[in-house]
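Q: need a 3D model of the following:
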Amino acid sequence: MGKIVISDNVTLDGVVQDPAGDEGFRHGGWVGLIKDRPELNKLALDEALGAEALLLGRRSYEWLAARWPSRSGELADRLNSLPKYVVSSTLEDPEWNNSTVLEGDVVNEVSKLKQELNGEIVVPASFQVVHALLEHDLVDELRLKIFPVALGAGARLFGKTSDKKPMRLVDAQTVEGDVAFLTYEVVREGERASEGASLQDKRAAALQRTGIQENA
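A: Numbers count the residues shown, from 1 in each chain. Predicted coordinates:
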């Protein structure tokens with residue numbers, strides 16, 4: 001079964017819009033030149049090598065498809081060879097090789113994709129797709145590179161949801177001296193119940209060791 005992994009560059013106030021600065025957003029370009037930051041480059045390569053496929057919205061797909069096919073190197077070779085699935089009702093003839101358009105309902109299409117693939121299905125950028133996946137509990141993991149800047153405006157990674165979305169921090173690193181790289185697992189309903197029972201058992205055991213009656 002596939003694992004949906006959200007991978008994004010994010011500001012301190014949650015903005016994901018125009019990190020490279022070429023989309024016309026007045027606060028764009030807040031990531032800087034990734035090519036000059038070897039640790040960030042290595043993270044991108046390691047993630048691409050570990051991915052089974054990429055899942056993208058149309059705008060993110062077109063932005064990447066305009067850049068990577070003409071590039072060379074290990075990261076470019078990997079991205080160009082990976083299967084790519086695009087959520088779009090308007091894209092008819094994707095030019096980037098190994099690309100498939102998912103034209104139906106995003107929830108149904110991604111649910112089927114998770115059943116069909118084994119391994120990590122990485123979702124870079126594509127915040128509108130991310131909103132839908134989070135709302136319908138299709139996300140398994142989030143990898144967020146938090147850049148030390150607050151913009152005060154712009155499209156944000158997290159949108160409105162019908163309920164809270166508990167997550168568990170499983171890894172935290174500092175990259176290039178000032179970027180926090182955080183990895184979270186989404187906690188499912190059954191896991192929350194299990195964790196709650198485990199905490200109750202631990203509490204009861206601790207009380208028993210001290211000789212305290214819980215209902216005293």
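Q: CA atoms for contacts and neighbours, from now on please.
A: OK.
Q: how about the helices in the protein?
A: Listed in chain order, the helices of the chain (DSSP state H) span residues 38-50, 58-65, 74-81, 106-116, 127-135, 189-210.
Q: between the fifth one and helix 106-116, how many degrees?
A: Between helix 127-135 and helix 106-116, the angle comes out at 70 degrees (axes from the mean of the first three to the mean of the last three CA atoms, to 10 degrees).
Q: show me what helix 127-135 is packed up against.
A: strand 51-57, helix 106-116 (3 or more CA pairs under 8 Å, 6 or more residues apart in numbering; DSSP states H and E).
Q: which of those sits closest to K165?
A: helix 106-116 (17.0 Å; CA to CA).
Q: for that closest one, give the mean pLDDT please.
A: The pLDDT scores in helix 106-116 average 96.
Q: do the same with stretch 55-75
A: 95.
Q: just stretch 155-174 next, same as before
A: Averaged over stretch 155-174, pLDDT sits at 94.
Q: mind putting the helices of the chain in CSV, mean neighbour count and distance to N9 included?
A: Listed next are those as CSV, based on neighbours: other CA atoms under 10 Å; distance: least, CA to CA, whole Å:
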stretch, mean neighbour count, distance to N9
helix 38-50, 15, 11
helix 58-65, 17, 13
helix 74-81, 17, 18
helix 106-116, 15, 22
helix 127-135, 20, 11
helix 189-210, 12, 28
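Q: nearest to L91, out of those?
A: L91 lies closest, by CA to CA, to one member of the helices of the chain: helix 58-65, at 7.1 Å.
Q: quick one: the closest one to strand 51-57, angle?
A: Going by the same axes, to 10 degrees, helix 58-65 is angled at 120 degrees with respect to strand 51-57.
Q: ok now helix 58-65, how far from the chain's centre?
A: When C-alpha coordinates are averaged (CA atoms, centre = their mean, to the nearest Å), helix 58-65 and its chain have centres 16 Å apart.
Q: tell me what that helix is packed against?
A: strand 84-87.
Q: V170 against V187, yeah?
A: No - the pair V170 and V187 does not pass the contact test of CA atoms under 8 Å, sitting 11.4 Å apart.
Q: sorry, back to before: what's the closest of the helices of the chain to V149?
A: Between these, helix 38-50 lies closest to V149; by CA to CA that is 16.7 Å.
Q: quick one: mean pLDDT over that closest one.
A: 95.
Q: what does stretch 113-120 contact?
A: 1-5, 50-53, 121 (CA atoms under 8 Å, 6 or more residues apart in numbering).
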